[in-house]
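>>> Sequence below, structure please.
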Amino acid sequence: MSITRPRQGRPRHAPPSDPDASAREQILDAAGALFAERGIASTSTRMIAERVGIRQASLYYHFATKEEILAELLATSVRPSLHMVERIQALVPERATPAAALYAVAAMDVRTLCRTPYNIGTLYLLPEVRAERFDAFRAERGRLQESYGTLGAQAAAEGVARSVPAERIGELLIQLVEVVIQIRRSREPEAADADVIASSCLRLCGLGESEVAAARDESQVLLSRFG
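Numbers count the residues shown, from 1 in each chain. Predicted coordinates for the structure are as follows:
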């Protein structure tokens, strides 16, 4: 009499980069690596599944398309900073000066962009990200930029505030913070980079060195609370 043995699932093709990570996290990790290596158009869900070591059908349990995976990766580079800036803005001006708040927001945003896997920020300007399916990501980044503009206009020296609208200040500040994305392409960011970029944001708003130093010192309370 023959014995029917239970069918074994397909073995993993490769060990996960983090054995303790959930399947969803492993998919995001593998997709981030492939998007950075090959680009979005040249990456398929089959490749992502093989990188994780699961069946393609198993991937679809978590994400319907590779674009859905990309949207989640993009969100991880913006959403933490957006949540944090909204909490810090609520403290201005009663419990924090605009300059200290702007310094703290910029420094923490730099740290967030440094932690995103595979420098996902490099994908921001790719043509595929302009598609309608990524409207939510662009809306969140737009809200973050608007918050930069509000804090920047509040912190700006009087002459700068009169001559440059908050919308333009926000555009300039978020681009200055995101320079860390380019830094990551050539070297590993250092802890000092967050201070250099955050201080530069204040200088862009017209603050002098003594004002920058005062804002840096005051921001330490915010950084220890929210960082």
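>>> the longest helix in this protein is where?
The helix that spans the most residues within the chain, counting by DSSP state H, is helix 135-155.
>>> Now do that helix: distance to the chain's middle.
Centroid separation for helix 135-155 versus its chain: 13 Å, with Cα atoms, centre = their mean, to the nearest Å.
>>> how much space is there between residue 97 and residue 81?
Per Cβ to Cβ, to the nearest Å, residue 97 is found 20 Å from residue 81. Any C-beta I mention is one placed from the backbone N, CA and C, and that applies to glycine too.
>>> Show me which of these two is the more surrounded one.
residue 81 (24 against 18; other Cβ atoms under 10 Å).
>>> isn't the more buried one right next to residue 141, touching?
No. At 9.4 Å, residue 81 and residue 141 do not qualify as touching, with contact defined as Cβ atoms under 8 Å.
>>> Show me the residue sitting in the middle of this structure in space.
In the chain, the centroid-proximal residue (Cα atoms, centre = their mean) is residue 77; its distance is 1.7 Å.
>>> Can you tell me, leaving aside adjacent residues, what's nearest to that one?
If the residues on either side of it in the chain are set aside, residue 77 comes closest to residue 116, at 4.5 Å by Cβ to Cβ, 6 or more residues apart in numbering.
>>> Same question for residue 82.
residue 144 (4.9 Å).
>>> Show me what the strand or helix carrying residue 69 is in contact with.
Using DSSP states H and E, residue 69 sits in helix 66-76. Here helix 66-76 makes contact (Cβ atoms under 8 Å, 6 or more residues apart in numbering) with 27-28, 31-32, 35, 40, 43-45, 48, 63, 116-117, 120, 123-124, 128-129, 131, 133-134, 136-137, 140.
>>> give me that answer again for 7 Å
Helix 66-76 is contacted from outside by 27-28, 31-32, 35, 40, 43-45, 48, 63, 116, 120, 123, 133-134, 136-137, 140, using Cβ atoms under 7 Å, 6 or more residues apart in numbering.
>>> can you check stretch 186-204 too?
99, 102-103, 106-107, 110-111, 114, 155, 172-173, 176-177, 179-180, 183, 212, 215-216.
>>> How about stretch 99-107, which residues are buried there?
Residues 99-107 are the ones in stretch 99-107 that count as buried (16 or more other Cβ atoms under 10 Å).
>>> For it, C-alpha coordinates in CSV please.
Only the C-alpha atoms of stretch 99-107 are listed here, as CSV (Å, rounded to 0.1, in the frame of the first residue of the first chain):
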residue,chain,number,x,y,z
ALA,A,99,13.6,78.6,13.8
ALA,A,100,14.1,75.7,16.3
ALA,A,101,11.1,73.9,14.8
LEU,A,102,12.5,74.2,11.3
TYR,A,103,15.9,73.0,12.3
ALA,A,104,14.4,70.0,14.1
VAL,A,105,12.2,69.1,11.2
ALA,A,106,15.0,69.4,8.6
ALA,A,107,17.4,67.3,10.7
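>>> With that, I have no additional questions.
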